[in-house]
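> A predicted structure for the sequence below; I have some questions about it.
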Amino acid sequence: MNIGIIKKIKDQRNIAYNQIYSIFSFLINLVISVVIIKLVTTYIDPENYGVYKYVLAVIGLCGITTITGINKTIGGYVAKNYHGTVKETTKLCIKTGVIGVIVLIIFGLYSFYIKDYLTEAILFFVAAVVFIPYVIFPRYQAILAGLYKFKDRFILQSVFLAAMLIGAIVVLVVFKKGILAYGISQMTIQTSCLIVFFILTYKKLSNNYVDEGFLKHSVIISLFGIGSHIITPGIQIYLNYTLGSSALAFYMIADSIRGVSSGAAKSIMSPIVMKLARKDKLEHSTAILKLIPLTLVFGLILYGCIFVCIHTLGSFIIDKQYNISLFYAKLLTLAIIFAPLYSLLRGNVLFEKNNRGYAITIYTGQALQFIGYVLFVNRFGIPAIAFTNFIATAVSTALMIYYIKDSC
């Protein structure tokens, strides 16, 4: 048999295996996330849960200090055999992340002395302690994807989720503790796992090659995405201050359902994205454009399934005090329609360093989000966030298609 045919068969088999691992990872994530949502909505009232989510929103905002663009590009560098880039980027992010630690301490002091809110202050101080590994080390997943080790990623992610679930059960069900114990346990458990996982992943790297342009490229990508890293936690902080911590809790439960749902698209598309990243630029772009109709159809089917599941099973998962979150979840998951296609397109413009196309796409999406939030959230609340995100994602997807075509 021709060697080329054998290689092609082997490649297709590897993609299939990696997709299976990714799908299993998603399913485990789905089950455990649903159980945690059930526990949280049953044992923690919306007001207190909103406080914890407010602290996490500030952590997200402080994440800007860790050059977030590296999280998007590191998988591509590893896939292209620049393993030494991981070490260089990690050292750099740890240094810049100290700024985020200081900001979290300031928030904690403000909560303690000005707001006189001890629970919130303690959560901020714990966040400051775990901040650097909590924000930087989740990139172990991108590194494993770049190494094409989806089985390893599946195993580690399963352990991570299981640890979170066990922690939630012990704190909420066994000891019947409140939001302070829950928040501290979740942050420390996740951070401990991430430290171990990152070390194990780092040991799998096989060379010290460094992409000479990694810093410039990553900083550019960070600047392109800085709007979303401000807008996403920013809207959460805004909801907390304007509508109260309960409204933030309702939104975050709904958004967690959206996040779990989007994992379905990412799980299936991730092996394909990394496989295509190994092609040269023209082949990569051509393959992406051919897959557009199929991925759009897949997105529509995926949203339909998610909507039905939320409508029929939602009341069994979420406690009555959080019922409004189900309505919000149906709206927030609308953007899932574009998720499979968006994954492919973003992989292309990132890994092929189409900086101009990426910049215009991201800035346009961010501008639409900002305008939509400013004009409509105060009047229409959380539904305005959902529809704004849908429109912004649709426009961003269309722009990326245009720029990929233009680069061919």
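Received the coordinates, thanks.

> what's near enough to touch the residue lying closest to residue 152 once chain neighbours are set aside?
The spatially closest residue to residue 152, leaving aside those adjacent along the chain, is residue 144, at 5.4 Å (CB to CB, 6 or more residues apart in numbering). C-beta here means a position set from N, CA and C on the backbone, and glycine is covered the same way. The contact partners of residue 144, by CB atoms under 8 Å, 6 or more residues apart in numbering, come to 150, 152-153, 156, 201, 204.

> next SSE after whichever strand or helix holds residue 144?
Assessed by DSSP states H and E, residue 144 sits inside helix 140-146. Following helix 140-146 in sequence order, the next helix or strand is helix 150-168 (DSSP H and E).

> the helix holding residue 144: how far from the chain's middle?
On the basis of CA atoms, centre = their mean, to the nearest Å, helix 140-146 sits 14 Å off its chain's mean C-alpha point.

> low-scoring stretches of the protein, by residue?
Where the chain drops to pLDDT under 70, the residues are 1-19, 22.

> quick check: residue 21 touching residue 153?
Yes: Residue 21 lies in contact with residue 153 (CB atoms under 8 Å); the separation is 7.3 Å.

> got a list of what the residue most central in space within the chain touches?
Central residue of the chain (CA atoms, centre = their mean): residue 259, 7.5 Å from the mean position. Contacts for residue 259 (CB under 8 Å, 6+ apart) come out as residue 33.

> quick one, phi/psi of it?
For residue 259, the backbone dihedrals (degrees, to the nearest 10) come out as phi -60, psi -40.

> from what I see, residue 93 and residue 70 are in contact.
Yes: between residue 93 and residue 70 there is a contact at 6.3 Å, judged by CB under 8 Å.

> give the residue from these two that has the larger number of neighbours.
residue 70 (26 against 22; other CB atoms under 10 Å).

> tell me the secondary structure at that one.
Assigned by DSSP: H, G, I helix; E, B strand; the rest coil, the conformation of residue 70 is helix.

> contacting residues for it?
If you count contacts by CB under 8 Å, 6+ apart, then residue 70 has 89, 92-93, 139, 214, 218, 221-222 around it.

> which of the residues you listed tops the neighbour count?
residue 139 leads the contacts of residue 70 on contacts (other CB under 10 Å) with 27 neighbours.

> ok, it - contacts?
Per CB under 8 Å, 6+ apart, neighbours of residue 139: 70-71, 74, 198.

> go with 7 Å
Counting by CB atoms under 7 Å, 6 or more residues apart in numbering, residue 139 touches 71, 74.

> also residue 386?
Applying CB under 7 Å, 6+ apart, one finds that residue 386 lies in contact with 328, 331-332, 334.

> return the member of those nearest to residue 295.
residue 334 (16.3 Å; CB to CB).

> so what's the closest one closest to, chain neighbours aside?
Nearest residue to residue 334, sequence neighbours excluded (CB to CB, 6+ apart): residue 390, at 4.5 Å.

> now the one you found: how far from residue 265?
Using CB to CB, to the nearest Å, we find residue 390 at a distance of 15 Å from residue 265.

> and stretch 180-189, which residues are buried?
180, 182-187, 189 (16 or more other CB atoms under 10 Å).

> sorry, wrong one. I was asking about stretch 146-166.
Here stretch 146-166 shows 146-157, 160-161, 163-165 as buried, counting by 16+ other CB under 10 Å.

> hang on, isn't residue 205 packed against residue 86?
Yes: between residue 205 and residue 86 a contact is recorded at 6.0 Å, counting by CB atoms under 7 Å.

> hmm, back to that, would CSV of the buried residues of stretch 180-189 with secondary structure and distance to residue 386 be doable?
What follows is the buried residues of stretch 180-189, written out as CSV (DSSP: H, G, I helix; E, B strand; the rest coil; distance: CB to CB, whole Å):
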residue, secondary structure, distance to residue 386
180, helix, 31
182, helix, 27
183, helix, 27
184, helix, 31
185, helix, 31
186, helix, 26
187, helix, 28
189, helix, 31
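
> residue 316: which of those residues is nearest?
residue 182 (22.1 Å).

> where do the helices sit along the stretch 201-350 of the chain?
214-242, 245-277, 281-290, 292-317, 324-332, 339-351 (DSSP state H, counting those that start in this stretch).

> got it, and the stretch 1-150 of the chain?
3-43, 46-62, 69-79, 84-109, 118-136, 140-146, 150-168.

> turn these into a markdown table, columns for distance to residue 249.
Formatted as a markdown table, those follow (distance: least, CB to CB, whole Å):
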| stretch | distance to residue 249 |
| --- | --- |
| helix 3-43 | 9 |
| helix 46-62 | 4 |
| helix 69-79 | 27 |
| helix 84-109 | 19 |
| helix 118-136 | 14 |
| helix 140-146 | 27 |
| helix 150-168 | 16 |
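
> any idea which of these gets closest to residue 237?
Proximity to residue 237 (CB to CB) singles out helix 46-62 among the helices of the stretch 1-150 of the chain, at 5.2 Å.

> can you tell me what sits against that closest one?
40, 100, 103-104, 107, 119-120, 123-124, 127, 131, 134-135, 178-179, 183, 230, 232-234, 236-237, 240, 245-246, 248-250, 252, 321-322.

> what's the offset of that helix from the middle of its chain?
Centre to centre, stretch against its chain (CA atoms, centre = their mean), the figure for helix 46-62 is 16 Å.
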